[in-house]
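# Prediction below, plus the sequence it came from.
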Amino acid sequence: MNITGASAERAREACDRLSRSTVPEIFAERVAESGDAVALRYKEEGLYRELTWARYRARVKAVAAGLVSLGLARGDRLAIMGDPTVEYLLAQMAGIFAAAIPFGIYPTSSPNEVALQLRKGGARIVVAGDQEHLDKVLGAEAAAGERLVDRIVLIDCRTRFLYHDPRILPFVELEGRGDAEDEAVRECEARISGLDADSPVGLIFTSGTTGDAKGAMYTHGGMLVGLGYCLFRAMPELAERPHRVVTHLPLAHGMGQGLSLFIPLFADVVQHIPERGQTLGALLREVRPTSLLGVPRIWQKFGSQISTAVEMSGDLRRALFKLAERTGRERASRLWDTRGRRAGVFLELRYRLLHALMIWPALYKTGMAHLVGGSSGGAPLPEGVQERWQAWGLPLRNFYGTTEAGVTSLQDAPWPRPEDPLRTIYPNEVIAGADDEIVVAGPGGFSCYWEEPEETALVRAGNGAVSTGDIAAFQADGRHLIVDRKKDILITSGGKNIAPALVENALKTSPYISEAIVFGDNRKYVTALIEIDFDTLSHWARTNDVAYTGFGSLVENDKVIGRVGEEIARANELLARPEQIKFFRILPKELDPEEGDTTPTRKVKRALAYEMFQHLVEDMYAEA
């Protein structure tokens, strides 16, 4: 099956078929059609190596047989913790081929979070990426006071000599075992033939913003549709021609799995996996992808880097870049009005000349000059960030999804306005529930929370519809604008309802603000804790002769506080009076998921932030 270049009708037929299929089934078809084609590239010892579809499947089956030989039974859980590597993909696919239930653990998880997920998932075997991840697994067992897994498979064994745990087995030995174990190979084939679309395919743990993380269980059909096909539709350029993409999102995340594991099974998408320790910036410069999927933080960070570099350049270059940017905004506005059809001959010529002279070189330095499309999900994208990228020539779009509902809707215009509502992606049905909560029905949602039936009943109705916990403003035609989490809405003491995400996104449009946490529930006015973007703000400080010795002295500097204040004043101009920030405080440290400051996906827990920085919050309300 390959739906790149397919008509809309044929793509829908393919989606319906995916909902009735299994992952090994679709994988086998891909190999039959494109066995000698490149499935993926991965960097090893400084060189990019290629894996064809036929070789990819052969290695998956070998690892699957190796896992079976270790005692992984049908329905057992397999945990994987590590950065994206080819071995991670092989392990996840192998768990699926062995009819087990794999799940990922975020590399940024704390030992307590690792212990919680290993215990909740009931994993028998864990695959650890390297020494750091192995230490976290062993640290989780120490924190729990018990042994949590039977075997540990280690991918990067350079420091294997430091450990004397007999449970540890090198990944290369696991794969070699599979090649030699004929009985395990036959057992895997029998298990594959026993799978159907309703068989479990894996767990994806929720971010845990409102409590302990829960394991959302997906079936083969549900995963192929909800995090495969629907994510494919949320990246419209993938449907038009073959693309190069980079593997940078955590593979424990639904978006990361969808792009790296499932979309390539039915579309011409070749992923590129970084070498261990390689940064996303370095990966982008080497691969020069043609399509990029990212969370808002990625688009904010790279946009800030480009803007800051321009601000610190000479007067002439800065003036020309801003002229190019203004022309780009004018062009984007025309494309919004014509749904991407035309911007006008003279405007287009002027834009292309200025883009080639000023914007393209800046994008080229970041490895993003060859992008023809970009998609942002996982959280709302600040409108100012989206508008900036569109002015630079990239039709960046927002899409929406949740761990439980899969990918459900997107801004579907060729050049969407940043404020455009979302349209539902086939085969989903999105309706307004109580209090305008988003409710999603369709074959792409999760089946249950693993071994938590009471929690499942709270979000999944008997007909399979999923209540997302998010509120939207619905239009008559079903399009919808995400407002915020239902539990996060603030009500001031004056009775005004405030959506904190709206305010926080306005603040995060600034290149100097990495994260904003808004408070105001049952208070007279709204305040904010600000996490600065250290790289961008420290660059500004050096350029403006602001002396500092480290993070602490930088955020305490009066000139820095004043600079951040200017950014907040600019954001306030975009907000209604009750939403405007009256006071702010800069956090004295960078938020670190590994220290439990945020979830592993860097989502902020407002209650925890208040607990950690209560003195700063109360100081802002005492100030009045």
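That came through fine. Owing to the predicted nature of the structure, the values given are computational and were not obtained by experimental measurement. Numbering: from 1, shown residues only.

# mind listing the helices for the stretch 301-450 of the chain?
Counting by DSSP state H, counting those that start in this stretch, the stretch 301-450 of the chain forms helices over residues 315-337, 345-354, 360-366, 383-391, given from the N-terminal end onward.

# For the first one, which outside residues touch it?
I take that to be helix 315-337. With C-beta atoms under 8 Å, 6 or more residues apart in numbering as the test, helix 315-337 has contacts from 310-311, 313, 341-344, 347-348, 350-351, 354-355, 357-359, 362, 387-388, 390-393, 413-417. C-betas here are computed from N, CA, C, even on glycine.

# What of the shortest one?
Applying C-beta under 8 Å, 6+ apart, the contact partners of helix 360-366 are 281, 284-285, 302, 305-306, 309-310, 321, 369, 371, 392-393.

# one step back: going through the contacts of helix 315-337, which ones are buried?
310, 343, 350-351, 354-355, 358-359, 362, 387-388, 390-393, 413, 415-417 (16 or more other C-beta atoms under 10 Å).

# Neighbours of A576, how many?
11 (other C-beta atoms under 10 Å).

# that older thread, same list, the helices of the stretch 301-450 of the chain, but as JSON lines with mean pLDDT and distance to D76 please.
Output for the helices of the stretch 301-450 of the chain, formatted as JSON lines (pLDDT from 0 to 100; distance: least, C-beta to C-beta, whole Å):
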{"stretch": "helix 315-337", "mean pLDDT": "93", "distance to D76": "51"}
{"stretch": "helix 345-354", "mean pLDDT": "93", "distance to D76": "57"}
{"stretch": "helix 360-366", "mean pLDDT": "95", "distance to D76": "43"}
{"stretch": "helix 383-391", "mean pLDDT": "94", "distance to D76": "43"}
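
# Surely G82 touches V127?
Yes. Between G82 and V127 there is a contact under C-beta atoms under 8 Å: 7.1 Å.

# what about the two, which has more around it?
The residue with more neighbours, out of G82 and V127 and counting by other C-beta under 10 Å, is V127; that gives 32 against 25.

# and which of the contacts of helix 360-366 is nearest to S7?
Checking the contacts of helix 360-366 against S7 with C-beta to C-beta, the nearest one is L371 at 25.1 Å.

# Contacts only, for the closest one.
L371 sits next to P289, T290, S291, L292, L363, L394 when contact means C-beta under 8 Å, 6+ apart.

# Scan those and report the most crowded one.
Tallying neighbours with other C-beta under 10 Å puts L292 at the head of the contacts of L371, with 28 neighbours.

# distance of it from L265?
Applying C-beta to C-beta, to the nearest Å, one obtains 20 Å for the distance of L292 from L265.

# ditto for D337
38 Å.

# Compare these two (neighbour count), which wins?
A direct count of neighbours by other C-beta under 10 Å for D337 and L265 places L265 higher, at 24 against 13.

# tell me the contacts of the more buried one?
Taking C-beta under 8 Å, 6+ apart as the contact definition, L265 lies against M1, V23, I26, F27, R30, L224, G228.

# In terms of helices and strands, where is the closest residue to it other than its chain neighbours?
When the adjacent residues along the chain are set aside, L265 lies closest to I26, with 4.8 Å between them (C-beta to C-beta, 6 or more residues apart in numbering). Following DSSP states H and E, one finds I26 within helix 23-34.

# Can you show me the CA trace of that helix as PDB?
In PDB, the C-alpha atoms belonging to helix 23-34 read as follows (Å, rounded to 0.1, in the frame of the first residue of the first chain):
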ATOM      1  CA  VAL A  23       0.800  -3.600  11.300                       C
ATOM      2  CA  PRO A  24       2.700  -6.800  10.100                       C
ATOM      3  CA  GLU A  25       0.200  -7.100   7.300                       C
ATOM      4  CA  ILE A  26       0.800  -3.600   6.000                       C
ATOM      5  CA  PHE A  27       4.500  -4.000   6.500                       C
ATOM      6  CA  ALA A  28       4.500  -7.200   4.400                       C
ATOM      7  CA  GLU A  29       2.700  -5.300   1.600                       C
ATOM      8  CA  ARG A  30       5.200  -2.500   1.700                       C
ATOM      9  CA  VAL A  31       8.100  -5.000   1.400                       C
ATOM     10  CA  ALA A  32       6.300  -6.800  -1.500                       C
ATOM     11  CA  GLU A  33       5.900  -3.500  -3.400                       C
ATOM     12  CA  SER A  34       9.200  -1.700  -2.400                       C
END
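
# ok, now how distant is the residue nearest to S375 when sequence neighbours are not counted from R397?
Excluding the flanking residues, the one nearest S375 by C-beta to C-beta, 6+ apart is M235, at 4.8 Å. For M235, the distance to R397 under the criterion C-beta to C-beta works out to 9 Å.

# between those two, what contacts are shared?
Applying C-beta under 8 Å, 6+ apart, one finds that M235 and R397 are jointly contacted by G373, S375.

# what's the average pLDDT for stretch 224-233?
Averaging pLDDT along stretch 224-233 gives 96.

# Over to stretch 143-157?
Model confidence over stretch 143-157 averages 93 on the pLDDT scale.

# Of the helices of the stretch 301-450 of the chain, which stretch is the most buried?
The highest mean neighbour count among the helices of the stretch 301-450 of the chain, using mean count of other C-beta atoms under 10 Å, belongs to helix 383-391: a mean of 23.

# just the angle between that one and helix 315-337, please?
When axes from the mean of the first three to the mean of the last three C-alpha atoms, to 10 degrees is applied, the directions of helix 383-391 and helix 315-337 differ by 100 degrees.

# If I take helix 383-391 and helix 345-354, what angle do their directions form?
Following the same axes, to 10 degrees, one obtains 90 degrees for the angle between helix 383-391 and helix 345-354.

# shift numbering so it begins at 486
With 486 as the first residue, the last one maps to helix 868-876.

# CA atoms of helix 868-876 as CSV?
Coordinates of each C-alpha in helix 868-876 appear next as CSV, following Å, rounded to 0.1, in the frame of the first residue of the first chain:
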residue,chain,number,x,y,z
GLU,A,868,-0.3,32.8,16.4
GLY,A,869,2.7,35.2,16.2
VAL,A,870,5.1,32.3,15.7
GLN,A,871,2.9,30.8,13.0
GLU,A,872,2.6,34.1,11.2
ARG,A,873,6.4,34.6,11.3
TRP,A,874,7.1,31.3,9.7
GLN,A,875,4.5,32.0,7.0
ALA,A,876,6.2,35.3,6.3
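
# Touching it from outside, list them.
Applying C-beta under 8 Å, 6+ apart, the set of residues contacting helix 868-876 is 781, 784-785, 788, 792, 810-811, 813-814, 816-817, 859, 861, 881-883, 900, 903-904, 990-991, 993-994.
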